[in-house]
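1. Pasting the sequence and the predicted coordinates here, then a few questions.
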Amino acid sequence: MMNKTLSAVFHPILTGDWAFAGQAEISAPVQGLAGEAAIADLMLNPDAIAELQLKRHEFVGLYLYQGTLSNTHINTGQDTDKEAKQYIQGQYLILDSQTLLQMQAGSNGAGLLLFAGKPIKEDIVHMGPFVMNTQAEIQQAIDDYRAGRFGEIPL
């Protein structure tokens with residue numbers, strides 16, 4: 001179980017363990033993370049085709065926040081036919097990470113977030129902005145917030 005009471009650490013990382021099919025892998029070492037996770041914000045030009053190999057990740061999700069995508073092959077693990085599917089802004093897909101992700105942006109392009117990693121497989125309790133493992137931890141976080149122990153944001 002991760003210790004959520006430690007001080008937060010921010011690492012600005014511009015590259016990660018991502019690769020476009022047929023291209024050299026881009027990677028940058030990241031140290032001090034509590035888990036295995038990656039997030040990529042991808043912008044695809046109009047009608048652009050992209051292929052991503054994500055086999056090293058146990059979980060992969062895709063959130064389409066702008067435009068449309070069609071699949072040349074987007075396998076959500078529930079697709080039984082090979083017919084092209086259209087995905088629209090606001091959709092979130094859980095993907096089969098063991099299959100090559102092939103996608104094509106619509107005529108206005110596409111913006112998407114890719115989330116990849118290893119699930120922590122722990123209980124999750126949430127209330128408002130707080131996410132912990134137990135109700136007691138949630139209550140402690142609320143008490144700490146109300147007491148001003150989260151610090152201040154300078155304006």
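-> In hand now; what should we look at?

2. and the closest residue to residue 52 other than its chain neighbours, how many residues sit next to it?
-> Computed as CB to CB, 6 or more residues apart in numbering, the closest residue to residue 52 that is not its neighbour in sequence is residue 101, at 4.4 Å. Heads up, the C-betas are built off the backbone N, CA and C, glycines and all. Neighbour count of residue 101, defined by other CB atoms under 10 Å: 22.

3. and what of residue 154?
-> Neighbour number of residue 154 under other CB under 10 Å is 4.

4. hey, where'd the strands end up in the protein?
-> 37-44, 49-52, 59-73, 86-88, 92-95, 101-117, 125-127, 130-132 (DSSP state E).

5. can you list the domain ranges for the chain.
-> For the chain, automatic domain parsing gives the domain ranges 37-117, 121-150.

6. Export the ones you listed to TSV and append columns for mean pLDDT.
-> Shown next, in TSV, are the domains of the chain (pLDDT from 0 to 100):
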stretch	mean pLDDT
domain 37-117	85
domain 121-150	91
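
7. Which of the ones you listed has the highest mean neighbour count?
-> The highest mean neighbour count among the domains of the chain, using mean count of other CB atoms under 10 Å, belongs to domain 37-117: a mean of 16.

8. What is the end-to-end distance of that domain?
-> 4 Å (CA to CA, to the nearest Å).

9. still on that earlier bit, now the strands of the chain in JSON lines, with distance to residue 139?
-> Shown next, in JSON lines, are these (distance: least, CB to CB, whole Å):
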{"stretch": "strand 37-44", "distance to residue 139": "27"}
{"stretch": "strand 49-52", "distance to residue 139": "41"}
{"stretch": "strand 59-73", "distance to residue 139": "29"}
{"stretch": "strand 86-88", "distance to residue 139": "40"}
{"stretch": "strand 92-95", "distance to residue 139": "30"}
{"stretch": "strand 101-117", "distance to residue 139": "28"}
{"stretch": "strand 125-127", "distance to residue 139": "9"}
{"stretch": "strand 130-132", "distance to residue 139": "9"}
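
10. I'm done for today, thanks for sticking with me.
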